[in-house]
Each structure stands twice: as structure tokens, then as C-alpha cells.
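Engineer: model this:
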Amino acid sequence: MSQATLDDDELFDEAASEMREDVESSLDDARAALPESDDIWDAEADNTLGVLNGLKEGLDAGDAESHLRDAKKWYAVGTEAGAFDDADDLEAAIADLEGVVEGIAEAHDQVGDLTATIPELRGSLNEANDD
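Structural biologist: Numbers count the residues shown, from 1 in each chain. Predicted structure coming up:
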């Protein structure tokens, strides 16, 4: 094996290690950007709409989506390049975090729908009771 080949192999191994670190770092950043569980559990409001607005605000994934995207990007590049000897743990961590982020987004949309519906329903009930 020539010296150039050995150097290329060493460089590839180093790049693969750095790529894994990038994926892991992006996953850590995504987890850190998730809302705290208390942000969606605890409520302080005078009425239902206030509770819903607080919940909607708490259901903000923030930068977690962009960090997850970075993790997926580096994972895809590393996988395509054959840089990871064993990437099952990375794949599982990405899938788990993706499920959490998708769940937050879905709940955010549902609360948003309720936030729009509750005032209309209250108005309808007021009108019905006035008649």
C-alpha cells in the first residue's frame, strides 16, 4: 500500500469521525431546543382561550427542526459515502427525535385549530342563549 493511499484512508477515517460528531452534535442541539415538558403541561390563564394560547406557545419546536435537518443531512452524506461502520444508533436517534418534533408540530396545529374554534363556539352559544 502506498503512502498516498494510507494518507487517504487516514483522512477518510478522520472525516468519518468528524461527520459522526456533527450528527451527534446536531441531535444534541435539537434535543436542547425542544420545549420543556412543563411548558406544555403547566397552565396559568384566566380562561380556556388563555390556556390554549399558552399551550400553543409552549408547543414550539423552535430550532429543533433545523438542528434535526442538519443531523439528517450529515447522516445522509455519511451513509452515502460509507463513512459509518455502525450507524444504527444514529438512525434510531434521528427517527426518535423526528417523531417527537412531528408530534409537537401536530399538537401545535390541533391547538391552533381549537384556538380559532373556541371563540366562535362561545359566540354561538351566547347567541343561542340570548334567543
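
Engineer: which parts of this protein are helices?
Structural biologist: Ranges of helices in the chain, per DSSP state H, are 3-33, 37-41, 48-58, 64-80, 88-130.

Engineer: can you list the buried residues in the second one?
Structural biologist: Residues Ile40 are the ones in helix 37-41 that count as buried (16 or more other CB atoms under 10 Å). From N, CA and C alone the C-beta is placed, and that goes for glycine too.

Engineer: ok, residues contacting it?
Structural biologist: Leu55, Gly58, Leu59, Ala107 (CB atoms under 8 Å, 6 or more residues apart in numbering).

Engineer: okay, the helices of the chain in CSV with mean pLDDT next?
Structural biologist: Formatted as CSV, the helices of the chain follow (pLDDT from 0 to 100):
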stretch, mean pLDDT
helix 3-33, 87
helix 37-41, 91
helix 48-58, 94
helix 64-80, 95
helix 88-130, 95
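
Engineer: center of the chain - which residue?
Structural biologist: Centroid-nearest residue in the chain: Val101, 3.3 Å away (criterion: CA atoms, centre = their mean).

Engineer: look up how far Glu106 lies from Leu90.
Structural biologist: Leu90 sits 24 Å away from Glu106, taking CB to CB, to the nearest Å as the criterion.

Engineer: who has more neighbours, those two?
Structural biologist: Counting neighbours by other CB atoms under 10 Å for Leu90 and for Glu106 shows that Leu90 has the greater number, 21 against 11.

Engineer: give the contact list for that one.
Structural biologist: Per CB under 8 Å, 6+ apart, neighbours of Leu90: Arg20, Val23, Glu24, Leu27, Ala71, Tyr75, Phe84.
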